[in-house]
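Asks: Pasting the sequence and the predicted coordinates here, then a few questions.
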Amino acid sequence: MTMRESVLSDRRTTGTAGDVLRQVAVISALCFMLIASVVNSGVFGGPSVDELQDGALSAEGSYLAPAGPAFSIWSVIYVGLAAYTIWQALPSQRANPRQRALGWLIAGSMVLNGLWLVVARFGSLVGTVLAIVGLLIVLAIWFQRAVATPADGWLDALLIDGVSGLHFGWVTVATVANTAAWLTQIGPPEWELAADVWGIIVLALVGIIALGIAGAGGWRVAPPLAIAWGLSWIAVGRLTGEPHSAPIGITAVIVAAVVLIVSLAGAAFMRAADVRNAGA
């Protein structure tokens, strides 16, 4: 082996300066996101997230806002991102090709997560829409690349595919709710007369998008599970809270059930196909 080949082999094993920079960037992005989350929780004083923007971001901010308990999914996502951050920082992951393909995207998603919280507190409602749309785009790219690069073991699948799927699925619903909150704030009172019709149309589109994501992702269950979770809490919000809308609430239940059933059936079919192919 020549000296140049030896150096290249060592870099593939131990990583490069760029790999170390990526690991540090992921850690820094997590810290930024967590600090923004703690500040926006109201722990250090001031209003919490659901009180910001004149209450537009609360469970009563629009006809497509999920009920309060829906947002507990953020705890699961944050724990998953924290676990990923610790794992990716290990020397064994430094030169991992999958980390190289996804690490910067994951860091970007956490920065945009924190940025949304900063904009919600100090910026405008339309700014939150722009931030969450940007986050959704990054998550879509992250998920697509995760699908295109097979996981190496269950931990890899859990901390990359699982976390990206939950994050992508939930932010899909959150983007709809955030946009609806903005339109509710800027729209004339007459818009409320058509709220049921538009709510049903949007929920049907969310269902189609959810199934498209599940199919394109090889019927991974994380994204549709997160979307069904969000839809279910939209149903709770409209059937038991304000603003009340039985048509939207019932539609949300139906769409959530369809997304869940079809996605689980697709996952089961893919699993059965894999078993058959392995035994062939």
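Replies: Here it is on my side, so go on.
Asks: just how off-centre is stretch 118-129 within its chain?
Replies: Between the centre of stretch 118-129 and the centre of its chain there are 18 Å (C-alpha atoms, centre = their mean, to the nearest Å).
Asks: ok, residues contacting it?
Replies: 36, 39-40, 46, 49, 52-53, 56-57, 116, 130-131, 175, 178-179, 181-182, 185 (C-beta atoms under 8 Å, 6 or more residues apart in numbering). Heads up, the C-betas are built off the backbone N, CA and C, glycines and all.
Asks: quick one, what contacts the nearest residue to residue 219 once chain neighbours are set aside?
Replies: Leaving aside its chain neighbours, residue 219 sits nearest to residue 266 (3.7 Å; criterion: C-beta to C-beta, 6 or more residues apart in numbering). Taking C-beta under 8 Å, 6+ apart as the contact definition, residue 266 lies against 214-215, 219.
Asks: From these, pick the one nearest residue 246.
Replies: Residue 246 lies nearest to residue 214 out of the contacts of residue 266, by C-beta to C-beta, at 27.9 Å.
Asks: Give me the distance between residue 126 and residue 183.
Replies: 10 Å (C-beta to C-beta, to the nearest Å).
Asks: whoops, I mixed them up, residue 198
Replies: 9 Å.
Asks: Please work out the average pLDDT along the strand or helix carrying the residue nearest to residue 219.
Replies: Residue 266 is located in helix 246-279, with elements delineated by DSSP states H and E. For helix 246-279, mean pLDDT rounds to 90.
Asks: can you pull out the helices in the stretch 51-200 of the chain?
Replies: Assigned by DSSP state H, counting those that start in this stretch, the stretch 51-200 of the chain shows helices spanning 73-88, 97-122, 125-148, 154-156, 163-186, 195-216.
Asks: hey, C-alpha coordinates of the last one in PDB?
Replies: Coordinates of the C-alpha atoms in helix 195-216 are reproduced here as PDB (Å, rounded to 0.1, in the frame of the first residue of the first chain):
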ATOM      1  CA  ALA A 195     -64.700  27.000   7.200                       C
ATOM      2  CA  ASP A 196     -66.300  23.600   7.300                       C
ATOM      3  CA  VAL A 197     -66.000  23.100   3.500                       C
ATOM      4  CA  TRP A 198     -62.400  24.200   3.300                       C
ATOM      5  CA  GLY A 199     -61.500  22.300   6.400                       C
ATOM      6  CA  ILE A 200     -62.900  19.100   4.800                       C
ATOM      7  CA  ILE A 201     -61.000  19.700   1.600                       C
ATOM      8  CA  VAL A 202     -57.700  20.400   3.300                       C
ATOM      9  CA  LEU A 203     -58.100  17.300   5.500                       C
ATOM     10  CA  ALA A 204     -58.700  15.100   2.500                       C
ATOM     11  CA  LEU A 205     -55.600  16.500   0.800                       C
ATOM     12  CA  VAL A 206     -53.600  15.800   4.000                       C
ATOM     13  CA  GLY A 207     -54.800  12.200   3.800                       C
ATOM     14  CA  ILE A 208     -53.700  11.900   0.200                       C
ATOM     15  CA  ILE A 209     -50.300  13.400   1.000                       C
ATOM     16  CA  ALA A 210     -49.900  11.100   4.000                       C
ATOM     17  CA  LEU A 211     -50.500   8.000   1.900                       C
ATOM     18  CA  GLY A 212     -48.200   9.400  -0.800                       C
ATOM     19  CA  ILE A 213     -45.400   9.800   1.800                       C
ATOM     20  CA  ALA A 214     -46.000   6.300   3.200                       C
ATOM     21  CA  GLY A 215     -45.900   4.700  -0.300                       C
ATOM     22  CA  ALA A 216     -42.900   6.700  -1.400                       C
END
